[in-house]
Structure formats: structure tokens, C-alpha cells
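Participant: how would this look folded up:
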Amino acid sequence: MDDSNPPLMATYKHLLDCHPRRVDAGDRTDDHEDCALPVIDLASLHHSEEDSAAAEQCRAAIVRAASEWGFFQVTSHGVPQALLDKLHEVQVGVFRRPFERKVREPLLDFSPESYRWGTPTATCLEQLSWSEAYHIPITSASEAAGDKTSLVIEEVSSAMSQLAQKLARILIRDRTVNDGDEDKVTSTCTRNTCFLRLNRYPPCVAASGAFGLCPHTDSDFLTILYQDSVGGLQLLKSGRWLAARPNPGALIVNVGDLLQAWSNDLYRSVEHRVMASAARERFSVAFFLCPSYDTLIYPRCSSTGGDPPRYASFTFGEYRNQIREDVRLTGRKLGLQRFRLQLPGSSAGGPKFLF
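Facilitator: Next comes the predicted model:
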């Protein structure tokens, strides 16, 4: 028996046993339609002085993808494949440590709480994430210097941070009328506020199946994701779950809740999930572009007018506290609906947006 796996089966057996059917309700992962996520080559952004027209087309494609999909892929992104390969090697080694060591011994100088597995608050199978992860603040990665693992994590964090900042500035600039607004917003996302998460999704042989990561939206400005070749990531579009199949050489970018609220629903923070495989483990790494807790999020309305705010203003700290309270009371995240305004002429349930 593999002593590196967390005791997911034993701990959540009561949830698995009381579930009469597969968690995906017959909508099996293998049967999902592949979604043709937009693929954007960022090469022109590195040489914008030489070809400003190409760079402008690239920026427009990023804005369009964030508006229409909320998810897109980028190539020529500036994160070397050799570095990502090193990260995968390190990541496998980190998760191969015995489970008892992962729980009791901090990884490098990271906080003991950085290691997480399962979903302690789950009261039903739909709330359970069949996974384990290291949640690493970027400052922790830089402080744990000298070790191969920490050095690779630091390099990846730095490269993904630069990419996330560049993309966020493009999206924010398109929504503002004052030069420099993009820097004011992204300057609140520093090494002290952003984090990296190393994910592993063990195989789940239970007949009911399980979510590797239960359906959710991201509570940040922007997320950069690198996934291995196993697959399992799905996103919700027009009421259907679509599979985001792995694309070698590409990173996945998705809009978070804060950017949707900030853009007044121009950009879409899309619900997504990971389906656990019955036969194969899956690895991924995600970088989350987060601001300081006191950063105020308020809707930027269209400069042409006629577009009233759809959200009340809130700080990132207030948003995180509300999420924690909702999870404690209901077992799930309610997210942006907590801060959505009731617009004149809308129904009691608030305005509806089809995506």
C-alpha cells in the first residue's frame, strides 16, 4: 500500500457509500466535448516596438477571450518549458513523501498549514475535493533559499508573477480611461499577497467517482495554471461542462472573481472543476494573483455611460471573510452573488447573465 497517499477513502467512506450514482451524474469525463479554448501567442508583446499592430491585435485577443470565455491559453508566455519540467520533477518528489511526514513535518520552511488534503467541511460528495496540495505564499518560497525544491518554486513563482501582472495590466488598461490605472491596481498584488499552489489528484477507484476539485470560481484577479498531460479540468459554459484538454507548451489563464467585479461583469470568472481519474494521478500548479486584504474592489463602469454598477464595493479582506463564513454555514462558497446589487427592473433574484 502506498504510504504517501492521504487517507481519502477511509476518511470519506461515509460520503462515498451514501452516494447512489456517479458524482458527475452520468456525464462522464471521457464523454465531455473538448472545448476549443482560445490560444493566444504572446510573442508580439515581447517586441511591441517593432510591430505595434501585432501587439495591439494580441492585446485585443486577450480582452476578447477574457470577456467571452473567462479562460484562455497562452503560448510564448516566457515561462521556460525546462523550468516547468523541473517543477514537475520536484512536485512529484514532494508528494511522494510519506503522508505522516507531510502532515507532521513542514516542507522546507513553509508553514505546517501549507499542506492540505480533502475537504474537512464536506457534508456531501459534491463538496469533496479528492486531492492534496501545498499552498505556498510567494514570500515563503523566496525565504526558503538554497534547496533545489525552493529554488525551482521561486523561479516558477517569479516567472508566473511577471506573466500574470502583464496580462492583468492589459485587461485593466482596456477598461480604464486614465493612464496608469493598471499600475495602481496591479501594484497591490505583491510577493506578500500572491501565492502558488502545488496540486496532486490521486486516483479515485470508488464506484461513485469524485471531484478532484469541486466546482468553484477563483477568488483572485487572475490565475495562471500549468497542468500535466492527464486531463480532467472542465469549465462551465452555456450550462454545459466542457473539457479543457492539455495543450503541450501552453499555460491556461482564467479570470478570477475580483476582476469580474472590478470590470462590472465585462470579464467572466467562470465556474470550473477537476474530475478525479480512476486510474491515473494528476499534477498541476497554479499561481494566484491576489491583492492586499485592504484593496478596495469597486466596479469600473463603461466610459460611454449607461452601465450602472452591478456590485457593491468591498475589500478583498471582506470578500475572503464572507467566503469563509459561507463555507462554515453552508458548506460552499457563494462568492460574488453576496455583493451583487439589485438593479432597477431586475427580478428579486438579481440580474441574470447567461454564459
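
Participant: drop to CA atoms for contacts and neighbour counts, all remaining ones
Facilitator: Noted.

Participant: pretty sure residue 314 sits against residue 293.
Facilitator: No: between residue 314 and residue 293 there is no contact, the gap being 10.2 Å when judged by CA atoms under 8 Å.

Participant: who has more neighbours out of those two?
Facilitator: Neighbours around residue 314 and residue 293, counted as other CA atoms under 10 Å, are more numerous at residue 314. The numbers are 17 against 14.

Participant: do a quick rundown of the strands in the chain.
Facilitator: In the chain, the segments counted as strands under DSSP state E are 39-41, 71-75, 115-117, 132-137, 195-201, 211-216, 222-227, 233-237, 240-243, 251-255, 272-275, 282-289, 296-297, 314-315.

Participant: nearest to residue 332, out of these?
Facilitator: Put simply, out of these the one that sits nearest residue 332 is strand 211-216, at 8.8 Å, with distance taken as CA to CA.

Participant: off-centre distance for that closest one?
Facilitator: Using CA atoms, centre = their mean, to the nearest Å, we find the averaged C-alpha position of strand 211-216 to lie 11 Å away from the chain's own average C-alpha position.

Participant: what's in contact with it?
Facilitator: The contact list for strand 211-216 (CA atoms under 8 Å, 6 or more residues apart in numbering) reads 23, 126-131, 201, 271-277, 333.

Participant: can you check which of the strands of the chain gets nearest to residue 83?
Facilitator: strand 222-227 (11.6 Å).

Participant: pull out the buried positions in the closest one.
Facilitator: 222-227 (16 or more other CA atoms under 10 Å).

Participant: as JSON lines, those with pLDDT and distance to residue 122 would be great.
Facilitator: Output for those, formatted as JSON lines (pLDDT from 0 to 100; distance: CA to CA, whole Å):
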{"residue": "222", "pLDDT": "97", "distance to residue 122": "26"}
{"residue": "223", "pLDDT": "98", "distance to residue 122": "25"}
{"residue": "224", "pLDDT": "98", "distance to residue 122": "27"}
{"residue": "225", "pLDDT": "98", "distance to residue 122": "25"}
{"residue": "226", "pLDDT": "97", "distance to residue 122": "27"}
{"residue": "227", "pLDDT": "95", "distance to residue 122": "25"}
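
Participant: quick one: residue 324 from residue 257, how far?
Facilitator: As judged by CA to CA, to the nearest Å, residue 324 and residue 257 stand 15 Å apart.

Participant: so these two - more neighbours on which side?
Facilitator: residue 257 (22 against 16).

Participant: the more buried one and residue 219 touch, don't they?
Facilitator: Yes: in this structure residue 257 lies within contact range of residue 219 using CA under 8 Å: 5.1 Å.

Participant: return every residue with contacts to both of those two.
Facilitator: Listed contacts common to residue 257 and residue 219 are residue 335; contacts here mean CA under 8 Å, 6+ apart.

Participant: ok, the nearest residue to residue 309 once chain neighbours are set aside - contacts?
Facilitator: The shortest distance from residue 309 to any non-neighbouring residue, by CA to CA, 6 or more residues apart in numbering, is to residue 299 (5.7 Å). Applying CA under 8 Å, 6+ apart, we find residue 299 in contact with 261-264, 309-313.

Participant: report the buried members of those residues.
Facilitator: In the contacts of residue 299, the ones that pass as buried (16+ other CA under 10 Å) are 261-264, 309-311, 313.

Participant: model confidence for residue 177, exactly?
Facilitator: Note for residue 177: predicted pLDDT of 58.

Participant: sorry, that was for residue 163
Facilitator: pLDDT recorded at residue 163 is 97.

Participant: could you give the bridge partners of the residue lying closest to residue 91 once chain neighbours are set aside?
Facilitator: Once its chain neighbours are removed from consideration, residue 91 has its nearest residue in residue 198; the separation is 7.1 Å (CA to CA, 6+ apart). Residue 198 has these beta-bridge partners by DSSP bridges: residue 134, residue 285.

Participant: give the closest residue to residue 167 in space, chain neighbours not counted.
Facilitator: With CA to CA, 6+ apart as the criterion, residue 167 has its nearest non-adjacent residue at 7.8 Å, and that residue is residue 62.

Participant: that should have said residue 241, apologies.
Facilitator: residue 235 (5.5 Å).

Participant: hmm, back to that, and the pLDDT at the residue nearest to residue 167?
Facilitator: On the pLDDT scale, residue 62 is placed at 97.

Participant: tell me, how many neighbours does it end up with?
Facilitator: 26.

Participant: quick one on the thing from earlier: which two of the buried ones among the contacts of residue 299 have the greatest separation?
Facilitator: That would be 263 and 313, which, of the buried ones among the contacts of residue 299, are the farthest apart (CA to CA) at 12.1 Å.

Participant: picking up where we left off before, now render the strands of the chain as TSV, adding distance to residue 11.
Facilitator: Formatted as TSV, these follow (distance: least, CA to CA, whole Å):
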stretch	distance to residue 11
strand 39-41	40
strand 71-75	34
strand 115-117	11
strand 132-137	14
strand 195-201	16
strand 211-216	15
strand 222-227	27
strand 233-237	24
strand 240-243	28
strand 251-255	32
strand 272-275	19
strand 282-289	21
strand 296-297	39
strand 314-315	36
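
Participant: to residue 85, which of those strands lies closest?
Facilitator: strand 222-227 (10.6 Å).

Participant: could you list the buried residues of the longest helix seen in the chain?
Facilitator: Taking DSSP state H as the criterion, the chain has its longest helix at helix 148-175. Buried residues in helix 148-175, counted by 16+ other CA under 10 Å: 149-161, 163-165, 167-173, 175.
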